[in-house]
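> predicted coordinates and the sequence they were generated for:
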Amino acid sequence: MGAVLALAACTSTPVAKVSPPPSTSPPPSSPSISPSPEYPPYYIESLRALPRTPGKIELGQQVGTGSGFTRFEMTWTSQGKTMTGTIAIPAGTGPFPVVIANHGYLPASEFTPGVDMWKYGDPLSSHGFISIAPSYPGYGGSDSLNPPYPQIIGQVVADYDLVSSLASIPQADPARVAMIGHSNGGGVALLMSVIDPRVKVYVLFAPVSSDMADNYRAFWHRSTSSNSVFPSPEANPDLYAHISPRNYFTSSTAPMLFLQGTADAEIPAAWTNASILALQQRGATADVTWYPGATHAFYYATLAAANGRAEAWIRKYLG
């Protein structure tokens with residue numbers, strides 16, 4: 001599932017690895033912070049101040065099984081609204097580490113609960129992880145949030161409250177939480193990485209840009225989603241400074257692995273390289289694996305190789 005709208009074919013050349021620049025290079029610019037700001041609720045500063053309200057994850061009917069795990073429907077509460085999703089729980093008592101898998105963009109009318117889970121979550125559940133595929137606000141029976149956040153921000157808020165509710169799952173270890181995201185789901189994960197330190201490690205499959213102005217120009221301005229209510233970056237650059245994860249990366253940002261195909265026609269390699277470079281400039285741990293000839297979606301041997309790389313990365317940093 002791709003980004004909001006497809007881009008023209010990528011002309012940027014992937015690199016095998018991005019190295020930090022010399023220490024004399026300045027870090028990416030950060031938004032100016034006034035002494036007593038009153039930020040809109042969708043600014044990163046406001047999202048960081050959200051309360052960590054413990055909730056309860058309720059399991060619904062069983063909807064499938066796999067190698068060593070059982071999949072259920074699930075609900076939790078975000079901002080007083082009911083969110084839905086799918087959860088796969090390994091056999092046994094645990095405690096098991098948790099992986100939250102954020103799916104790529106598709107219209108709500110085309111959404112099926114658990115989409116992308118079989119690709120990225122099930123292989124981990126087969127190896128002893130609880131995997132959760134949240135349905136975004138307005139998707140798969142999930143309520144819309146109030147206030148009505150821009151779409152990608154609402155997805156982050158729902159994930160944030162999901163993390164706050166993980167302790168209600170008896171088999172879960174809420175101290176060992178990882179996050180995976182594909183395309184737009186990678187953008188959700190990038191935002192989470194500068195908001196919620198409870199997520200300890202990230203794997204991003206061909207994510208959108210960590211500079212939200214890129215995403216506006218490529219996708220949002222042609223979208224019918226609530227993201228389209230944003231003004232252009234030229235009209236309000238300060239807004240984009242305050243919602244772009246790139247401006248908030250620090251040395252304490254959780255380790256982040258990028259996985260992308262060299263033939264990806266939706267996400268330019270330059271975006272991925274810029275995100276990695278920004279992370280490394282700030283002292284964060286970041287790496288990338290490029291898959292020759294792979295497109296925006298991951299299938300077959302490429303998917304198996306990427307999932308193996310993802311699991312190794314998560315285990316390395318999750319413990």
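Sure thing, it's come through. Residues are numbered from 1 along each chain as shown.
> what about stretch 264-284, distance to the chain center?
15 Å (C-alpha atoms, centre = their mean, to the nearest Å).
> stretch 303-319 too?
The answer for stretch 303-319 is 16 Å, by C-alpha atoms, centre = their mean.
> ok, Asp238 - how many residues close by?
10 (other C-beta atoms under 10 Å). No exception for glycine: its C-beta is placed from N, CA and C like everyone else's.
> look up how far Ile153 lies from it.
16 Å (C-beta to C-beta, to the nearest Å).
> before we move on, what about Phe96?
Where Ile153 is concerned, Phe96 sits at a distance of 29 Å (C-beta to C-beta).
> tell me which of those two has more neighbours.
Each of Phe96 and Ile153 has its neighbours counted (other C-beta under 10 Å); Ile153 has more, 26 against 21.
> hang on, that one in a helix?
Yes: according to DSSP: H, G, I helix; E, B strand; the rest coil, Ile153 belongs to a helix.
> contacting residues for it?
Going by C-beta atoms under 8 Å, 6 or more residues apart in numbering, Ile153 touches Tyr42, Leu47, Leu191, Ile243.
> which element is the second one on?
Meaning Leu47. helix 44-48 (DSSP states H and E).
> mind listing what's buried in that helix?
Within helix 44-48, the residues that count as buried by 16 or more other C-beta atoms under 10 Å are Ile44, Ser46, Leu47.
> give me the three-state assignment for Pro197.
On the three-state scheme (three-state DSSP), Pro197 is labelled coil.
> next one: the one 5 residues further on
Reduced to three states with three-state DSSP, the structure at Tyr202 is strand.
> separation between it and Thr253?
9 Å.
> overlap of the contact sets of these two?
In contact with both Tyr202 and Thr253: Ser193, using C-beta under 8 Å, 6+ apart.
> more crowded one of these two?
Comparing Tyr202 with Thr253 by other C-beta under 10 Å, the one with more neighbours is Tyr202, at 26 against 21.
> what's the residue lying closest to the more buried one once chain neighbours are set aside in contact with, if anything?
For Tyr202, ignoring the flanking residues on the chain, the nearest one in space by C-beta to C-beta, 6 or more residues apart in numbering is Met256 at 4.5 Å. By C-beta under 8 Å, 6+ apart, the contact set of Met256 is Ser193, Val201, Tyr202, Val203, Leu204, Leu279, Ala284, Thr285, Ala286, Asp287.
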